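> Here you go, sequence then predicted model.
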Amino acid sequence: MRLVIAEDQVLLRDGLARLLRSAGHDVVAEVGDGRSLVSETARLRPDLVVADIRMPPTYADEGSRAVVLLRERYPELAVMLLSQAVDPLVVARATRGRSAGFGYLLKDRVLDPDTFLRQIEEVASGATVIDPGVLPDALRGSGRLKCLTHREIEVLGRSRPAAATPASRPTS
């Protein structure tokens with residue numbers, strides 16, 4: 001699989017690239033900002049983008065805005081967003097009713113490299129992998145879960161394959 005990594009933290013970006021290459025994937029570009037993510041993705045047309053949400057210059061939402069633009073231009077592009085914070089609006093904007101080939105993981109809850117690699121491959125093959133700590137809030141924010149009880153929302157958050165993995169276990 002051909003990937004572009006967009007992460008402003010150099011050590012994390014390098015670690016991701018090494019992990020993905022060691023699993024046999026082709027990291028075709030490593031960038032540190034949203035503008036470069038858009039240009040390199042347009043130039044190289046990877047199968048998957050792994051992107052941080054907050055990147056330079058403002059460290060607000062440059063990565064997520066770049067991903068929204070890329071998903072509009074290239075509907076077949078799979079995307080795995082990585083974040084340090086839960087942001088349901090990012091999920092709503094990035095999916096816009098099309099969650100296939102989309103992932104959103106919290107960086108501090110990715111605890112196992114093998115699980116992460118499996119999740120990357122699931123997203124690349126069209127699955128949706130969202131950390132259960134993000135999923136209920138994202139759906140609640142879109143209004144789609146208003147008729148469900150708190151317990152039903154909790155169960156829904158655990159119904160994804162990612163929910164049973166170390167990467168998505170709640171932290172204390």
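Structure's in. What do you need? Numbers count the residues shown, from 1 in each chain.
> what secondary structure does the spatially most central residue of the chain sit in?
The residue at the geometric middle of the chain, judged as the C-alpha nearest the mean C-alpha position with CA atoms, centre = their mean, is L81 (2.2 Å). Secondary structure of L81, reduced to three states by DSSP: H, G, I helix; E, B strand; the rest coil: strand.
> Skip the chain neighbours and tell me the closest residue to it.
Across the structure, with CB to CB, 6 or more residues apart in numbering as the measure, the residue nearest L81 apart from its sequence neighbours is Y104 (4.7 Å). In short, each C-beta sits where N, CA and C put it, glycine included.
> quick one: contacts for the residue nearest to the centre of the chain?
Going by CB atoms under 8 Å, 6 or more residues apart in numbering, L81 touches 51-53, 63-64, 67, 90, 94, 102-105.
> One more: D26?
Here D26 is in contact with 1-3 (criterion: CB under 8 Å, 6+ apart).
> Go through these and say which is closest to A127.
Looking at those and their distance to A127, the nearest is M1, at 13.6 Å (CB to CB).
> before we move on, back to that, quick check, the residue nearest to L81 in contact with D131.
Yes - counting by CB atoms under 8 Å, D131 is a contact partner of Y104 at 6.3 Å.
> and the gap between A127 and G101?
As judged by CB to CB, to the nearest Å, A127 and G101 stand 8 Å apart.
> now the strands for this protein?
Under the criterion DSSP state E, the chain carries strands at the ranges 2-6, 26-31, 48-52, 78-83, 102-106, 128-130.
> returning to what we had before: who is the residue nearest to the centre of the chain paired with across the strands?
In this structure, L81 has beta-bridge partners A51, Y104, where bridges are defined by DSSP bridges.
> Could you list the low-pLDDT ranges of this protein?
Low-confidence segments of the chain, defined by pLDDT under 70: 135-172.
> thought V27 was touching A6?
No - if you go by CB under 8 Å, V27 and A6 don't touch, sitting 11.4 Å apart.
> Give me the more crowded residue out of those two.
For V27 versus A6, neighbours defined as other CB atoms under 10 Å are more numerous around A6 (31 against 19).
> From the neighbour counts alone, determine which of A127 and G101 ranks first.
Each of A127 and G101 had its neighbours counted (other CB under 10 Å), and the higher figure belongs to G101 (23 against 18).
> Understood, closing this out.
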